[in-house]
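K.L.:
predicted coordinates and the sequence they were generated for:
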Amino acid sequence: MYGLGLAESELSTLVSRHRDEITVATKFGIDVNAAGKIFGRVQGPMRRLMTRMPQIREKVRGPGGSNAGLANSLLYVTSPNTVANAKRSLDASLRRLKVDYIDVFLLHDPQSDLLPDHEGLTAYLDAQVESGTIRTWGIASDAHAPNGEVEQMIWHSPVLQAREDIFTKTEEVTRKHPGARISFGIIERGLTGFTEYFEQFPAEREAWSSRLDCDLAAASGIANVLLSQALCSNDRGPVLFSSTKVHRIFQAAAQAGSEQMSHSQSAKLGELAGAVQAWWGGDASHEN
């Protein structure tokens with residue numbers, strides 16, 4: 001789905017050359033429609049336009065979730081999460097990536113009304129693990145309180161990918177999930193909130209830099225401390241991070257390899273997040 005359907009094909013050469021060194025994770029449950037495939041051919045210039053004009057980017061992106069935002073409604077289509085659709089998607093991913101197996105096969109943001117037979121789908125995915133076509137599978141959910149068939153399938157999944165930014169309370173289903181956990185969405189809202197807060201209250205930046213024993217003067221410093229907090233919070237799997245800036249990738253890798261944030265520092269960062277949320281109040285523009 002990423003790169004408007006082009007990401008897997010574009011990564012195939014790199015993956016084939018370094019298959020034993022790369023963990024391949026891909027998703028099913030959402031597809032690029034005809035308009036999305038056309039847009040995919042010109043997404044480079046469009047991305048540059050949205051970088052220069054953030055207001056357009058925010059309108060296109062929407063607040064997140066499989067059914068939210070202009071981009072999702074115009075470029076993507078959801079289909080029932082059936083065994084047949086899962087098989088079709090898996091076969092297509094294997095073909096585009098030019099590999100014999102997928103390491104992590106994730107169902108994207110499932111909805112109960114699109115999940116007619118979660119037991120049958122679970123059995124199919126388990127069978128693919130047994131056959132070696134996938135190494136493991138999981139659920140990638142942005143839902144705050146999954147229920148019904150979705151919750152049952154989450155409990156049976158070996159992997160759960162969930163949003164865990166500094167402002168989002170970790171739901172019980174995420175905390176108690178027995179398998180591996182992948183954290184995503186760890187930086188964006190925190191970076192926005194902290195930056196706006198420090199711009200409004202400049203003296204607080206220096207005070208919190210001292211309390212947290214880190215430099216919060218620049219956006220990169222804030223991003224690094226948010227990454228450290230996420231790594232501290234998730235001891236059962238990876239934390240997702242992406243950037244189009246190579247130097248930020250190296251900075252994040254260095255941060256991940258440095259000494260882990262202490263629980264005391266994590267608690268103090270939570271206090272800062274609480275102060276930012278109290279300042280934000282009920283402004284809906286800052287909600288997920």
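P.N.:
Here it is on my side, so go on.

K.L.:
all the helices of the chain, residue numbers only.
P.N.:
Counting by DSSP state H, the chain has helices at residues 7-17, 34-40, 43-52, 54-61, 69-75, 83-97, 118-131, 148-156, 172-175, 188-200, 202-212, 219-233, 246-257, 263-280.

K.L.:
deepest-packed of those, please.
P.N.:
Of the helices of the chain, the one with the most neighbours on average (mean count of other C-beta atoms under 10 Å) is helix 219-233, at a mean of 21. Where C-beta positions appear, they are placed from N, C-alpha and C, glycine not excepted.

K.L.:
quick one, that helix and helix 202-212 angle?
P.N.:
40 degrees (axes from the mean of the first three to the mean of the last three C-alpha atoms, to 10 degrees).

K.L.:
for helix 219-233, name the packing helices and strands.
P.N.:
helix 188-200, helix 246-257, helix 263-280 (3 or more C-beta pairs under 8 Å, 6 or more residues apart in numbering; DSSP states H and E).

K.L.:
give the residue farthest from the middle of the protein.
P.N.:
residue 203 (32.7 Å; C-alpha atoms, centre = their mean).

K.L.:
contact partners of stretch 12-29?
P.N.:
With contacts defined as C-beta atoms under 8 Å, 6 or more residues apart in numbering, stretch 12-29 is touched by 1-2, 8, 66, 78-79, 81, 85-86, 89-90, 93, 96-99, 102-110, 114, 140.

K.L.:
if you set the cut-off to 6 Å instead, what comes out?
P.N.:
1, 81, 86, 89, 93, 97-98, 102-104, 106-108 (C-beta atoms under 6 Å, 6 or more residues apart in numbering).

K.L.:
ok, of those residues, which one's closest to residue 219?
P.N.:
residue 1 (28.3 Å; C-beta to C-beta).

K.L.:
show the pLDDT at the closest one.
P.N.:
Confidence at residue 1, expressed as pLDDT, is 53.

K.L.:
and the one 5 residues further on, by the same measure?
P.N.:
pLDDT recorded at residue 6 is 71.

K.L.:
ditto for residue 186
P.N.:
You'll see residue 186 listed with a pLDDT of 92.

K.L.:
repeat for residue 78
P.N.:
Per the predicted model, pLDDT is 76 at residue 78.

K.L.:
how close does it get to residue 243?
P.N.:
28 Å (C-beta to C-beta, to the nearest Å).

K.L.:
more neighbours: which of those two?
P.N.:
residue 78 (16 against 13; other C-beta atoms under 10 Å).

K.L.:
isn't that one up against residue 30?
P.N.:
Yes: assessed by C-beta atoms under 6 Å, residue 78 is found in contact with residue 30 at 5.5 Å.
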